[in-house]
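In: How does the following fold in three dimensions:
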Amino acid sequence: MASSKQHRVYIASNARANHYLLVEFKPSDEFYLQFNDYINCYNRIARELFSFCDEYELHNVQILANDKLPVVRYHDEPYCLQTPKQMLFFYNPKYHESHSLYADSNNRCDKIRFLFLATGDDLRSNAAHFHSRVQKAISSLQEHLLSGEAQLKIRDHQHLTYDLFAKAKGNKESYGYKLRSIYPRYQSRHCQLPEQYNDMTYVTFSIPVTREIKTQFQAMLNDKHYDQFYCYLFDAFQRACINRDITRGAMIADDSRPIVRNSMIDKVASNSELHKLTFNCDDHAVQMEYAWQGDKLVDMIHFVIAAGKIDEHDMGFGKFMNNVHSAINKVTDELAFNPTRQELLVRFFQHINYQY
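Out: Below you'll find the model as predicted:
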């Protein structure tokens, strides 16, 4: 019983689930030559795909033909916001449905992306069924339109979002999660995945640089050079992680948002909006990274904690997440952070990707 309990993490009952699949392919020259122009190509794909989505009851699907990276978040109202590098989709899985095409009609895009957003209730328990329906829609599209193209890449993204200090605000109800890996969960529900795949599990959280924190570290912030302040926070974060056997992490304080990848299949890269972090999940060595601008005080500091293969148990990632929670608590204990008045949103991410 004690062993089972240590592999279960208790999360506020109002945690929000997100689940989406990103399917992408690089159209060949020969594929584009079948159409009069680029927008004719994109519209044809949209007609074909959306007809299959209706057949397989996929109610919220977006096509991106503009080489922008989609970011998905929960919101009570549906929004789609664009930046030069990203498309941000906000939606409530219970209510929002949409079939939309976003395309730059005058340009050839390098990758065409299909974003399948899960809808309905109990997204986590219904994840395997949703994944299977997406596979069927993609198989139909390949058969009817993409038969001569290279394999598509499927990325399955799931995350839970919750306030770590929900209990301090009066939300006493919680639910115990084992947080099993995607592959065994899908196998047990008869969702077929190939033997060759890559997966990644990680956590993000962000701490705002509030007026209270500025007052607390006034001596470090007075001279408009913030390296000492950032060094203090990174050292506190690194110590909290290492003391709990967490060896993969990062702190980003340069006004970019972190995205996380496996270093075995992706390379470090960044731009004005995104900072790509890569971790080797098989290597036991300490992998702690940071990025900040010493002459700029940001409004929000982002942290990432990545799980390694050593953190993956048959029972799930519950034990790993208990260590993560303990590390976050240790960091906030060193700051002027009021858990009764401030949210600390934790996002637990699980990804799996493969060629289809």
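
In: all strands of the stretch 251-356 of the chain, in order?
Out: Counting by DSSP state E, counting those that start in this stretch, one finds strands in the stretch 251-356 of the chain at the ranges 257-262, 269-270, 274-279, 287-292, 300-306, 345-355.

In: lowest-confidence stretch among these?
Out: In terms of mean pLDDT, the lowest-scoring of those is strand 269-270 (a mean of 59).

In: helices and strands around the helix or strand hosting Val23, which ones?
Out: Val23 is part of strand 16-25 when elements are defined by DSSP states H and E. Counting contacts by 3 or more Cβ pairs under 8 Å, 6 or more residues apart in numbering; DSSP states H and E, strand 16-25 packs against strand 69-74, strand 112-117, helix 127-144, strand 153-163. Every C-beta, even on glycine, is put in place using the N, C-alpha and C of the backbone.

In: Give me the contact list for the helix or strand that it is followed by.
Out: Remark: after strand 16-25, the chain's next helix or strand is helix 29-32, criterion DSSP H and E. Identification of contacts with helix 29-32 by Cβ atoms under 8 Å, 6 or more residues apart in numbering yields Tyr38, Cys41, Arg108, Leu146, Gly148, Glu149.

In: isn't the third one right next to Asp37, touching?
Out: No - taking contacts as Cβ atoms under 8 Å, Arg108 lies outside contact range of Asp37: 9.8 Å.

In: hang on, the earlier thing: redo the helices and strands packed on strand 16-25 as TSV? Include distance to Val61 and mean pLDDT.
Out: Shown next, in TSV, are these (distance: least, Cβ to Cβ, whole Å; pLDDT from 0 to 100):
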stretch	distance to Val61	mean pLDDT
strand 69-74	12	91
strand 112-117	5	98
helix 127-144	8	97
strand 153-163	14	96
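
In: Need the winner for burial among those.
Out: Comparing the helices and strands packed on strand 16-25 by mean neighbour count (mean count of other Cβ atoms under 10 Å), strand 112-117 ranks first with a mean of 24.

In: helices and strands of the chain: which one has the lowest mean pLDDT?
Out: Least confident helix or strand, the chain: strand 269-270 with a mean of 59, by mean pLDDT, DSSP states H and E.

In: From Arg73, how far off is the closest residue in space to Gly308 that isn't next to it in sequence?
Out: Closest residue in space to Gly308, ignoring its immediate chain neighbours: Cys281 at 4.8 Å, by Cβ to Cβ, 6 or more residues apart in numbering. The gap separating Cys281 from Arg73 is 25 Å, by Cβ to Cβ, to the nearest Å.
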